[in-house]
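Asker: Structure, please.
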Amino acid sequence: MILKKMNKIESIKKTYYDVLPAYNINATLTYTSKKIFRVGALVKISIRNKIVAGCIINIYETKPKKNFKFKDIEKCDNLFYLDKTNIEFLKWVSKYNFISLGSTLKLLIQDSSFLNLEKHYKYIKNKKYNSKLTKKQIIFLQTIKENKINQNEVNRFSKSFISNLISKEIIKKKDFKKTYTSNINYQNICLKKLSSDQNIIFQKILEKVKTKNFKPIYLDGVTGSGKTEVYFKLIEYFLIQQKQVLVLIPEIALSKQWISRFHDAFKFYPLVWNSKVNKSQKRKIWQAIIEGQVNVVVGARSAIFLPFQNLGAIVIDEENDISYKQEENPIYNARDMAIVKSKIN
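Answerer: Alright, predicted model coming up:
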């Protein structure tokens, strides 16, 4: 919704938003903020004395006529957004699985800490500084020259020593954003040559992909018949197209074997999303995905709810495996959700 003219004093002070909390609730709640957000913005809000993530669903043109005090949207380091495809998927999952909208949003963003940016910084020598330096200062400058973003090397020096260099304007402190973009060298990709039968199948799949007429593709074959080689070739195609790819694996135990095989073929590691990955690492992966930085993610069933921005393909390995069905609330079948997510994208 586009903001139209409103009372001058009111516009300077606050704007009012309907926010869907990542909480077991099937309705939006109204919050206010001096900041201007757009629909789809992910924010932090307080609900029942707990800070949770929320998604802005509606913007009011004027102050809503409601008989209660409006809470403010909490301060947040950075803004992330759910695009139309993710919001449409969220609504469909809620309706189809009889899950509240808030609980469905919690599947997409499990924790409000996902909205926190991890601060990274580097030190740069001030070119204008030409005075005599101590031996230790020279060693430090040499260290930051060789390891511009290697924090472990810099941590060998005390904070007071570094602060002193900054105060004397010998160095400058500069923030930077760490990303998880895979450094793909396409010349290093070493896929096995497809057999004539595999190549015929791959070409038929590619033909369907290029027509952009969505339809799930079922790849059938006994163990060892080379199904993985076919979809590896398909992954290569989407990587060249600068698209993100999601590969769902039925059991966490299988992922190590699959990742090793993937690395042998592509010469880089995909990001892994499963219950063994800690919250801090999940936050970094989630942020990279929502910013469109990741090329390939391999994960268990919950990975289907990651907020991809540039999704090209979903591969469901061993799609008949029972582990794709979540039997406890919220109940869903990741295989079925993958089909819908693909269609929406």
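Asker: what ranges do the strands span in the stretch 151-300 of the chain?
Answerer: Assigned by DSSP state E, counting those that start in this stretch, the stretch 151-300 of the chain shows strands spanning 171-176, 244-248, 271-273, 296-299.
Asker: Tabulate these (TSV), appending mean neighbour count.
Answerer: C-beta: built from backbone N, CA, C; applies to glycine. Formatted as TSV, these follow (neighbours: other CB atoms under 10 Å):
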stretch	mean neighbour count
strand 171-176	13
strand 244-248	24
strand 271-273	23
strand 296-299	22
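Asker: out of these, which comes closest to Tyr332?
Answerer: Closest approach to Tyr332 among the strands of the stretch 151-300 of the chain is made by strand 244-248 (12.9 Å; CB to CB).
Asker: okay, the strands of the stretch 151-300 of the chain in a markdown table with mean pLDDT and distance to Ser100 next?
Answerer: Listed next are the strands of the stretch 151-300 of the chain as a markdown table, based on pLDDT from 0 to 100; distance: least, CB to CB, whole Å:
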| stretch | mean pLDDT | distance to Ser100 |
| --- | --- | --- |
| strand 171-176 | 77 | 38 |
| strand 244-248 | 96 | 24 |
| strand 271-273 | 92 | 24 |
| strand 296-299 | 94 | 24 |
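Asker: possible to save those strands as TSV with distance to Phe114?
Answerer: As requested, the strands of the stretch 151-300 of the chain are arranged in TSV below (distance: least, CB to CB, whole Å):
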stretch	distance to Phe114
strand 171-176	20
strand 244-248	18
strand 271-273	13
strand 296-299	15
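Asker: right, so of the ones you listed, which gets closest to Asn333?
Answerer: The closest of the strands of the stretch 151-300 of the chain to Asn333 is strand 244-248. By CB to CB, the value is 11.5 Å.
Asker: Longest strand in this protein, by number of residues?
Answerer: strand 50-59 (DSSP state E).
Asker: Give me the sheet partners of that strand and which way each runs.
Answerer: Applying DSSP bridges to the sheet, strand 50-59 is found paired with strand 15-21 (antiparallel), strand 41-47 (antiparallel).
Asker: Check whether Thr313 really touches Leu234, as I assumed.
Answerer: That one is not Thr; residue 313 is Ala. Yes - Ala313 is within contact range of Leu234, at 6.4 Å (criterion: CB atoms under 8 Å).
Asker: Show me which of those two is the more surrounded one.
Answerer: Taking neighbours as other CB atoms under 10 Å, Ala313 and Leu234 compare with Ala313 leading, 22 against 19.
Asker: the inter-axis angle of the helix or strand hosting the more buried one versus strand 244-248?
Answerer: Element membership of Ala313, judged by DSSP states H and E, is strand 311-316. Here the directions of strand 311-316 and strand 244-248 differ by 10 degrees (axes from the mean of the first three to the mean of the last three CA atoms, to 10 degrees).
Asker: quick one: contacts of strand 311-316?
Answerer: Defining contact as CB atoms under 8 Å, 6 or more residues apart in numbering, one finds that strand 311-316 is touched by 209, 231, 234-235, 238, 241, 243-248, 304, 324, 334-335, 338, 341-342, 345.
Asker: Of these, select the buried ones using a PyMOL command.
Answerer: Only the buried entries of the contacts of strand 311-316 go into this PyMOL selection, using 16 or more other CB atoms under 10 Å:
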select buried, resi 209+231+234+235+238+243+244+245+246+247+248+304+324+334+335+338+341+342+345
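Asker: So which of the contacts of strand 311-316 are in helices?
Answerer: Taking DSSP state H as the definition of helices, those contribute Val209, Tyr231, Leu234, Ile235, Phe238, Ala334, Arg335, Ala338, Lys341, Ser342.
Asker: These: which two are farthest apart?
Answerer: Val209 and Ala334 (21.7 Å).
Asker: Centre of this structure to the edge, which residue is at the far end?
Answerer: Counting by CA atoms, centre = their mean, the extreme residue of the chain relative to its mean C-alpha position is Lys132, 46.8 Å from that point.
Asker: measure it to Lys168 for me?
Answerer: Distance check for Lys132 against Lys168: by CB to CB, to the nearest Å, it reads 12 Å.
Asker: Asn24 now?
Answerer: Taking CB to CB, one finds Asn24 at 55 Å from Lys168.
Asker: from memory Pro330 sits against Ser94, does it?
Answerer: No - between Pro330 and Ser94 no contact is recorded; they are 9.2 Å apart, counting by CB under 8 Å.
Asker: any common contacting residues for the two?
Answerer: Ser103, Thr104.
Asker: Look at these two and report which has more neighbours.
Answerer: Between Pro330 and Ser94, counting by other CB under 10 Å, Ser94 is the more crowded of the two (19 against 16).
Asker: tell me the pLDDT at Ile249?
Answerer: For Ile249, the pLDDT comes out at 92.
Asker: Would you mind confirming that it makes contact with Gly299?
Answerer: Yes - between Ile249 and Gly299 there is a contact at 6.9 Å, judged by CB under 8 Å.
Asker: which residues do those two both contact?
Answerer: Common contacts of Ile249 and Gly299 (CB under 8 Å, 6+ apart): Ser255.
Asker: Out of the strands of the stretch 151-300 of the chain, which is closest to Val154?
Answerer: Using CB to CB, these put strand 171-176 closest to Val154, at 10.6 Å.
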